[in-house]
Every structure is written in C-alpha cells, then in structure tokens.
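S.K.: Following is a predicted model, sequence given first.
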Amino acid sequence: MNALTSSFDKSTLDPSSDRGARSVIRLTDVTKRFGATIALDRVSLSIRRGEILGLIGRSGAGKSTLIRCLNGLERADSGDVEVEGRSIIGLGERELQSLRRRIGIVFQHFNLMSAKTVAENIALPLKIEGQPRVVRRARVAELLDLIGLADKAGAYPAQLSGGQKQRVGIARALAARPALLLSDEATSALDPETTDAILELLRDINRNLDLTILLVTHEMSVVRAIADRVAVLDGGRIVEQGPTCRIFASPGAATTRSLLRAYRPTLPDELSARLVAGWGERTLLKVVVIGDQTRAPLLADLALATGSRAALLHGGVDRVRGEAVGALFLEADGRDHAQFSAALDFLRQHASEVEVLGHVAGDD
Amino acid sequence: MSPAMIELLWRSFVETVVMTAAAGFVSLSLGLPLGLLLVMTDRNGIFERMWLNRSIGAVVNAVRSVPFIILLVAAIPLTRWIVGTSIGVAAAIVPLSLAAIPYYARIAELSFREVDQGLIEAARAMGGNRWTIVSEVLIPEALPGLASGFTVTLVTLIGASAMAGAVGSGGLGDLAIRYGYQRFETNVMIVVVLVLIALVSALQWVGDMVAARFDKRSRANAES
C-alpha cells in the first residue's frame, strides 16, 4: 500500500524531472509518418525503472508503430529514442540487434517456433546471443521453474494450451535478462481466467525480479489489474498519462473516458436526459473519491458540517491497483445558494473531484 | 520374361534411380537456396533486393517454360562441358538437374512463404540477424513443406527421365518406349509401368512419412 501511494505521489511530479538513468526507455517528440498518415505525432514517453506502464489505445492508435520505433525495427522520422540512457537514433543494424536483446517481447499470438520444443524456444534468445549450451540449459531450467512448466520442456507448442504457450512466450522474453519486458497485447487472445493468471505472472515478475514492464493493450481491464501508470495513445499522440488510479478516477481526455466507459459508473440515461444547467431543487453532483476518502462517512459529515443533506443516486467504489476509487452521483437541494456553496466547498475539501452536473428539470 | 529381359529391366531400374537421385540431389542443393533467395529478396523480405529478385525470377521462369525435350537437346554443349560426353546416364543428369532446379526453387519458395510472418518478426525482435532468421526460423519452420515438395520433385524427375532416353540415358521410361512402343512388346511395357508405379508409390510413402516427422504444427504429430 505504501509503495503504491508513494508511486502515486512520485508520478504527479513533472515528468521532465525524470532523468536518464531512471528511465529504461525514453521517447522524446518521436514522429513517424507512413506516406500521408501520421502514425506517431510528437510522442514523448518515459518508462521508469521498475514500474509497470500501461500503454492503452484502440487499434490504429499507433501502438505497434511505437513498439517498432523503440526497438529500432522502424526508424522514427524525428525525435529521439533512448534505451537505458543511450540514444538509438543513427545506430547501425548490428548495434540495433544487440539493443533489441535488451527488450524482451511477449506477443499476442505467442509467435513460438512450431518446430522447436518448449526448451528450445526459451533458449533461442540465448542462442542468438551466442551463449554456450551449458549456460542456455541452466537458464532454461530456471525459467521453466519460474513459469511452472518444468514438465513441458520437451513438448512442442502445438501440445500446449493458450495460457501455457503464453507462459513460454514470457519465459522466452525473459531469457536474455532484458532491461524491459514488453507485453504486446499478450493477453488479448486468451480467455478471462487465463488472462488473470498471465497478468498475475507478469506482476510477480515485476515484483520479484524488479523488471520494468511496458504493457501495450487495448483493454482497460488489463491496465487496471497491474499497471502503475497509464499512457493513453490516440491518433498517434499521447493524450493523457498518469498514475492508474488517477486516470481511472478522473480521466481527462475524451478518449480515456470512452475507453473507461464500461469501468466507471455513469449517470442513468433517464436522469441525464432531463438535466438542465444551474442549481435547482434537485441539483446533481458527481463526486470522485480516492483511497482513504472512500472510507470516510462523507454524506453524514456533509450534513453535520453544513446542514446540507445529499442523497446517493448512483455510483460505486471500485479497486484499481489495490487503491479504492469511487465515483458517486449525489442529489442535493441547490435552491439556497449560500448553503449549497458551503456544501460544495466541504465536498471539494473531502473528495478529489466535484462537478455540478446541473439540476433535474420538470420537478420544480 | 527371359533372363536377359529381367537383366535389362534391372539395369534400367538402376539407371532411373541413379538419374533421379543425382538430379534430385542437385536440385535440392541449388534449388533450395534459390527458393530461399527468392523469398528473402522479395518486397518486405529480410534481404529486400528487388532487382535481384526479378532477375532470379526471370531466369527461373525462362528455364521452366522450355519443354524438357528441347532443354535436353539445347543443354548438350553444357552437358559436354560438364561431364565430357552428351550420351548416357551421366549426360542425362545435367539437363534433368537443369529442369529440376527452378522447379524445386519455386516449390521451396512457396514453403518459405508459408512461414508465419510473426515468427520472423519475433526472431528480429530478439536481435536475430538474417542468418539466425534463415537457420532458426525459415528452414526449420518450412521443413515439412520442403520435404513434401522434394518428393513431388523426385516423382516429376522419374517422369522426365523417360524422355532422357533420347540422349541414350537408358532407364525404365526409355525401356518402355523402345520395347513397348517401338517394338510392340506390350508385356514389357506393362511390366515397366508396374515397376514405375511401385517406385513412385514407395517414394511418395517415404516422402509423406518424412514430412510428417518434421511437422510439429498439429498436436497429434507433435506427440510422435
């Protein structure tokens, strides 16, 4: 919990205060065009050592291009890409090859070699690196234990389930001890239970091996489960980034809000249809509470402190990365402006976000 | 059938096997790299060189469009230069190889193309170079297709070797033409055709078995 809170505080700081060595990957104003279309538009993003960063966006948002730019499979038209503090712009193919070994990728469709056994698949990055057989064998045994598939060393991918294949994919990505584990929609082809198990494995790897993870996905649920921070990509631009619970509690960009629609309570349609601007007898408020705020008797305190009584119409508290995040829709009488203002002030002090949505017309 | 006839049949059988095996070996060792090169040099290939791709493609198409019997005669100067003579089993191997190399190159090209692009991408993302992609991905993953394609090539070679009789190569096909077709010895022809059917069937059976052994893409095969 403490670790979470501190990462929360840390990330509210200006991202540019974050210096070289602390970032495993750092993109600065990266732009990439394919003909007339702009795939990446001045993208700046840094992945901090030890964190799990969720990069979310719909298909076509530029996620794949971003991945290919950071391992040098695609060259950025402008801007800078740094891996472990070293710019990769202008590196030759051979240097890029050794750089790519620092980034282990887990693929959506596993991309395991069908003609190789599980052990041979995991050993492949080590073979590419030129490690001797003894070293490879020891490392493979270690990784098979880590993913819990020691009994499948001699099996071929076709004999494994989807979840097992992805575990092998993860082990292979880890084999050469990369600085960054990049999960490219790693759970998108899996069923919900398997997805949870794979995400759990990724989180364990992050904690136990202190490995930095970039989680590229189009699913908010994946980000919510394990990401410390989120960056939202839309139309080739980073439209929003911040700590996961902050993004979930109060998304700023329209893209984020629409991606989050299913995960956040919204005002019931029959109420929102009748809303008009201003304060009235039935004024509706949206209040966002995070962390300890969710445990306070907010409405009772409000009544005691200001005399205003508010009714809870809709909403709920959810847990994001172990942090409680609530979005509540309240109704209060706004006809007495002085009292209502006092109530708003009280709520603003005790919640992280307060918004007057308007009042319900037709009941006056 | 007379003992002399049986003796002749046996000799023809050996000649066919020798011609097919030798030309098959040459087509495998030159056609496979050629097929690989066709895939590597193509657009978005791992060694994109369009001019090279088009040149190889043009030569392959040109050789493949020449009827074998014409190739057989046209290749005589080359044959004489390589084996010193233009008649006999050794001389037939040259035009047979010449025809089979581009044939197998196209088959190999198809097999390499069927390898999942995702696997190549994965090897590149691991920091693999071209050689890694060829040796660890393209060849092992295409092996089932390469093996069954080689079987097809060998069977086609057996058929083509019949025509090689025109340069005095001997072989089963030549025997069937000389005795069965030109001398109306129908029984010889029937025996020869039966032997050919047996030879092709056996080859196909072995080829299928080898291909299945290499194929780990389905659960059942992976278990074998």
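M.R.: Everything's here; your move.
S.K.: Would you map the strands across the stretch 101-250 of chain A?
M.R.: Ranges of strands in the stretch 101-250 of chain A, per DSSP state E, counting those that start in this stretch, are A:103-107, A:180-184, A:212-217, A:229-234, A:237-243.
S.K.: Using CSV, write out every CA atom in the third one.
M.R.: Provided in CSV are the C-alpha atoms of strand A:212-217 (Å, rounded to 0.1, in the frame of the first residue of the first chain):
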residue,chain,number,x,y,z
THR,A,212,10.3,-2.9,-15.8
ILE,A,213,7.2,-3.8,-17.9
LEU,A,214,5.5,-2.0,-20.7
LEU,A,215,2.0,-3.3,-21.1
VAL,A,216,0.6,-2.5,-24.5
THR,A,217,-3.1,-3.2,-24.7
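S.K.: That strand vs chain B: in contact?
M.R.: No: for strand A:212-217, no contact with chain B is found by CB under 8 Å from any CB of the partner chain; the gap never falls below 13.0 Å. Just so you know, the C-beta spots here come from the backbone N, C-alpha and C atoms, and that holds for glycine as well.
S.K.: Packing partners of that strand?
M.R.: Counting by 3 or more CB pairs under 8 Å, 6 or more residues apart in numbering or on different chains; DSSP states H and E, the packing neighbours recorded for strand A:212-217 are strand A:37-48, strand A:52-56, helix A:63-70, strand A:180-184, helix A:192-208, helix A:220-226.
S.K.: switch the cut-off to 6 Å
M.R.: Counting contacts by 3 or more CB pairs under 6 Å, 6 or more residues apart in numbering or on different chains; DSSP states H and E, strand A:212-217 packs against strand A:52-56, strand A:180-184.
S.K.: The last one pairs with which strands?
M.R.: Paired with strand A:180-184 in the same sheet, following DSSP bridges, are strand A:103-107 (parallel), strand A:212-217 (parallel).
S.K.: Output these in JSON lines, with distance to residue A:223 and mean neighbour count appended to each entry.
M.R.: Shown next, in JSON lines, are the strands paired with strand A:180-184 (distance: least, CB to CB, whole Å; neighbours: other CB atoms under 10 Å in any protein chain shown):
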{"stretch": "strand A:103-107", "distance to residue A:223": "16", "mean neighbour count": "25"}
{"stretch": "strand A:212-217", "distance to residue A:223": "6", "mean neighbour count": "24"}
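S.K.: Distance to residue A:278 and mean pLDDT for these - can I get that in a markdown table?
M.R.: Output for the strands paired with strand A:180-184, formatted as a markdown table (distance: least, CB to CB, whole Å; pLDDT from 0 to 100):
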| stretch | distance to residue A:278 | mean pLDDT |
| --- | --- | --- |
| strand A:103-107 | 52 | 96 |
| strand A:212-217 | 41 | 96 |
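S.K.: Of all those strands, which one is nearest residue B:185?
M.R.: Residue B:185 lies closest, by CB to CB, to one member of those: strand A:103-107, at 64.4 Å.
S.K.: Off-centre distance for that closest one?
M.R.: When distances are taken as CA atoms, centre = their mean, to the nearest Å, strand A:103-107 is centred 17 Å away from the chain's centroid.
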